[in-house]
Structures are given as structure tokens and as C-alpha cells.
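Enquirer: Take a look and give me a structure for this.
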Amino acid sequence: MERLTPKKAIGYSIILVLIPLFIAGGAFLLENRQYVWISLCIAVLACVPFFAVFEKKTADVRRMVVLAVLVALSVLGRFAFSFVPHFKPVTAIVILAGLYLGAESGFLCGALSAFLSNFFFGQGPWTPFQMLGWGIIGFFAGLFSKPLRKHLSLLLLYGGFAGAIFSLLMDVWTVLWLDGSFLFARYAALVAAALPVTAIYAASNLIFLLLLARPLGKKLDRIERKYGL
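Expert: Alright, predicted model coming up:
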């Protein structure tokens, strides 16, 4: 893990505390009626940690360009596999963004991938939860990038774990959507019913990481070394 500077501490607080509070406030206080504004707020807040460590150097500009390309690939990948339910390359690309560009970039890639692709798939009260889910996956991939980049087995394990976490988070939204309250018994029942979907999420992450980690990782590693990202 990188040294925790004051700027990073603020950025991490925004990601781990402020953004979840925005989502919880939208779900419980606004009853998901203002989901568009909540999604926009999350998109803006997700940019803050990224630009907080932005020093206007050539490497930072190049990092931003590479991140934009990865977001575009993630969005296009979700479109390309839209005919296969729950089987998408989004998580794998978000993980790779975190591994090679840093935790802040990983979160921003995940949040923007959900927000932008949902202009095609449909915006709704589920969008903030998707933004948080994919964002957190990219964030922690960046935090633990050294062991994940070194050991493919750990990367695949993280990919499977990320699929389960994303599914569990979306089940939280499903429970809240039913009547605006959270009942653990109902949540447990939904989690059990969604086990096949969770398994597909996890399997798709493993497959896409196996396909993308080496070729895309090599290109990102070369860019990282060449331009000092």
C-alpha cells in the first residue's frame, strides 16, 4: 500500500464515508426519488480523490487519458455482452484500472462505468448502488495492487470475491426498493434466491480476468513504466 498522505486520507474518506452516506440518505430520506441527482453527486465526488492527487504533470495527464480509455472499454464491454445476463467484463476492467492506475482511479473507473453505461441500460435508484459497488471493487484493487499483480491466483480469488460483494450490495438495494425499509430476514432470503446470479457474476469475473489480465496488463504495465504513471 502507498503512503497515506493528507490528500489521500481526504480522498479515501470521501470514498469510504461520504459517498456511502449520500447513498444511504437517498435511500432512506428521499426514498430513491432523487436518484439522478444522487448519481450525479457520486460522479462528482468520485472525481475529487482522483484530482486531489493530480499535480498537473505530464504523467498525470496521461493517467487521465488511460483512465478515460478504460472507462470507455468498460462501457463498451457492457454493451457488447448485454445479450448475456449478468455476464459482463466491467468488473475485470475496473479491477485492472485499480491495479495499474491506483485506488482513486479504480473507484472513478467503476463509478463512471456504471453511470455512463446506464444511459443505455436505464438510470434508476439502482445506479448509485452500482456506482458504489464497482467503485469499491476498483478502489480495493488499487490498495492491494502489489500482491494482486504478483500472483494470478490472488487476482482470480479477488475477482470471485468482488462478484459476490457486488451481488450482495445490489441485494441491499433490492430490499430497500420493496418498501423503503431494511429487514435482515428478507435480505437473507433474497441473497439465497440470488445465489445463481452471484455465481454467474463471480464466474464472469474469473473468465474475463483470465482473458484480459495478461494482455491488457502488459500494455498498462508498459505505459506505466514508460510514462511514469
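Enquirer: In contact with residue 127, which residues?
Expert: For residue 127, the contact set (Cβ atoms under 8 Å, 6 or more residues apart in numbering) comprises 35, 39, 114, 115, 118. Where you see a C-beta, it was placed from the backbone N, CA and C, and this is true even at glycine.
Enquirer: Select from those residues the one having the most neighbours.
Expert: Counting neighbours by other Cβ atoms under 10 Å, the top entry in the contacts of residue 127 is residue 114, with 29 neighbours.
Enquirer: Can you report phi and psi for it?
Expert: phi -70, psi -50 (degrees, to the nearest 10).
Enquirer: Repeat that for residue 180.
Expert: Dihedral angles (degrees, to the nearest 10) for residue 180: phi 80, psi 10.
Enquirer: so it touches residue 173, yeah?
Expert: No. Assessed by Cβ atoms under 8 Å, residue 180 is found out of contact with residue 173, at 11.6 Å.
Enquirer: ok so, going back, identify the farthest-apart pair in the contacts of residue 127.
Expert: 35 and 114 (12.2 Å; Cβ to Cβ).
Enquirer: quick one: the spatially most central residue of the chain from residue 9, how far?
Expert: Taking Cα atoms, centre = their mean, the centroid of the chain lies closest to residue 134, which sits 2.0 Å from it. From residue 134 over to residue 9 the distance is 23 Å, taken as Cβ to Cβ, to the nearest Å.
Enquirer: hang on, residue 221 packs against residue 100?
Expert: Yes. Counting by Cβ under 8 Å, residue 221 touches residue 100, with 6.6 Å between them.
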